[in-house]
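1. sequence and predicted structure below; questions after.
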Amino acid sequence: AQRIELEILRSTRPTAPAVHVPDNSVNCQVLEAACLLTAKAAHVEEAYDEQTLDLASRRFRGGIGLQELLLEAAWANGYT
């Protein structure tokens, strides 16, 4: 009787809504693209795909500085 009651309670529980979380992980290509975008290099669009450029421009809005670049590279390699 107790197992049946638990099964009924579990089946009538509301389910959580689906959440879509975009992948905003910073990798080597995103850091390179952010550096080139900050330097206003020519033909950056040809070297990287649209998703990488979009992530680099959204993540580093005002451009990426040297200190931030070093910190991001350290975090990517496991340093805290």
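-> Good, I have the coordinates.
2. how much space between residue 32 and residue 23?
-> Remark: distance between residue 32 and residue 23 (CB to CB, to the nearest Å) = 17 Å. (Glycine included, C-beta is placed from N, CA and C.)
3. can you report how many residues neighbour the residue nearest to residue 60 when sequence neighbours are not counted?
-> Distance criterion CB to CB, 6 or more residues apart in numbering; nearest residue to residue 60, sequence neighbours excluded, is residue 34 at 4.5 Å. For residue 34, the neighbour count with other CB atoms under 10 Å is 23.
4. state the helix or strand in which residue 34 lies.
-> Using DSSP states H and E, residue 34 sits in helix 28-38.
5. phi, psi for residue 49 please.
-> As for residue 49, its main-chain torsions (degrees, to the nearest 10) stand at phi -80, psi 170.
6. please apply the same query to the one 5 residues further on.
-> Residue 54 has phi and psi values of phi -60, psi -40 when expressed as degrees, to the nearest 10.
7. kindly report the same for residue 24.
-> Backbone torsions for residue 24, taken as degrees, to the nearest 10, come to phi -110, psi 30.
8. roughly how far apart are it and residue 39?
-> Relative to residue 39, and taking CB to CB, residue 24 is found at 22 Å.
9. where exactly do the helices run in the protein?
-> Remark: helices assigned in the chain by DSSP state H are 2-12, 28-38, 44-47, 50-59, 66-76.
10. and of those, who's closest to residue 19?
-> Checking those against residue 19 by CB to CB gives helix 50-59 as the closest, at 19.2 Å.
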